[in-house]
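[1] let me see the structure of the following:
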Amino acid sequence: MALAGSDLTGSLSQILDVVSSAAGEENALALWRSLLSVKGSASTITRALAKISLPEAAARAGVRVARKGGRNEPDLVLALNRAGSLTDESQALTDEEIHRIAYDVTRGDPARGELVYRRKELGCIVCHAIGGAGGKVGPDMTSLGASAVTDYIVESVLVPNRK
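    Coordinates of the predicted model:
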């Protein structure tokens, strides 16, 4: 992954080979996190994925990283879905994954969460409000944690049509 920081375009083919052959989900997630931490990497990877296919597990790991932490990379997610031949069914989160994400959320930083919420490119504020300021389409986020269990909130955000 050190190559990604110095010559992403020139080394991308080799890097994607490494990602494709990653043993286990945790390794694939770590590789994607490292790769997507390189400035401008998402658009370069998106273009490269149009020409290749990825194992389903590698593509799923990439989608998880591309969606996590307030990222807004819809083109990359679409390219990963296509490269990995992912379907809605193959992307479904298991109950265990939802519980793991819900646990991670309990260790989150509310102030940082508000900064993510206010990012213009994400558009959260268009539908949701905090303390009455913001949109009226979705629930006000002020009391959401007190009125719904974390697992339910995670599932509602990541798999809204399940319920």
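[2] residue 16 contacts residue 53, correct?
    No - counting by C-beta atoms under 8 Å, residue 16 stays clear of residue 53, with 10.2 Å between them. From N, CA and C alone the C-beta is placed, and that goes for glycine too.
[3] so which of these two has more stuff around it?
    Between residue 16 and residue 53, counted using other C-beta atoms under 10 Å, residue 16 has the larger neighbour count: 21 against 13.
[4] tell me which helix or strand the more buried one sits in.
    helix 2-20 (DSSP states H and E).
[5] for the residue positioned nearest the centre of the chain, give me the pLDDT.
    By C-alpha atoms, centre = their mean, the chain has its centre lying nearest to residue 67, at 1.4 Å. Residue 67 carries a pLDDT value of 81.
[6] give me phi/psi at the closest residue to it other than its chain neighbours?
    Counting by C-beta to C-beta, 6 or more residues apart in numbering, residue 67 lies nearest to residue 77, which is 6.5 Å off, once chain neighbours are set aside. For residue 77, the backbone dihedrals are phi -60, psi -40 (criterion: degrees, to the nearest 10).
[7] residue 77 and residue 65 touch, don't they?
    No - Residue 77 is beyond contact range of residue 65, at 10.1 Å (criterion: C-beta under 8 Å).
[8] look up how far residue 53 lies from residue 14.
    Relative to residue 53, residue 14 is positioned 16 Å away (C-beta to C-beta, to the nearest Å).
[9] and for residue 81?
    12 Å.
[10] quick one on the thing from earlier: counting contacts, what elements does the strand or helix carrying the residue nearest to the centre of the chain pack onto?
    Secondary structure from DSSP H and E places residue 67 in helix 56-67. On a contact count with 3 or more C-beta pairs under 8 Å, 6 or more residues apart in numbering; DSSP states H and E, helix 56-67 meets helix 2-20, helix 25-36, helix 74-83.
[11] quick check: angle from the second one to helix 56-67?
    When you say that, I think you mean helix 25-36. 50 degrees (axes from the mean of the first three to the mean of the last three C-alpha atoms, to 10 degrees).
[12] ok, the last one next?
    With the same axes, to 10 degrees defining the directions, helix 74-83 sits at 170 degrees from helix 56-67.
[13] could the helices and strands packed on helix 56-67 go into CSV alongside mean pLDDT?
    Shown next, in CSV, are the helices and strands packed on helix 56-67 (pLDDT from 0 to 100):
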stretch, mean pLDDT
helix 2-20, 73
helix 25-36, 88
helix 74-83, 89
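[14] out of those helices, which comes closest to residue 137?
    Closest to residue 137 of these, according to C-beta to C-beta: helix 74-83, at 19.7 Å.
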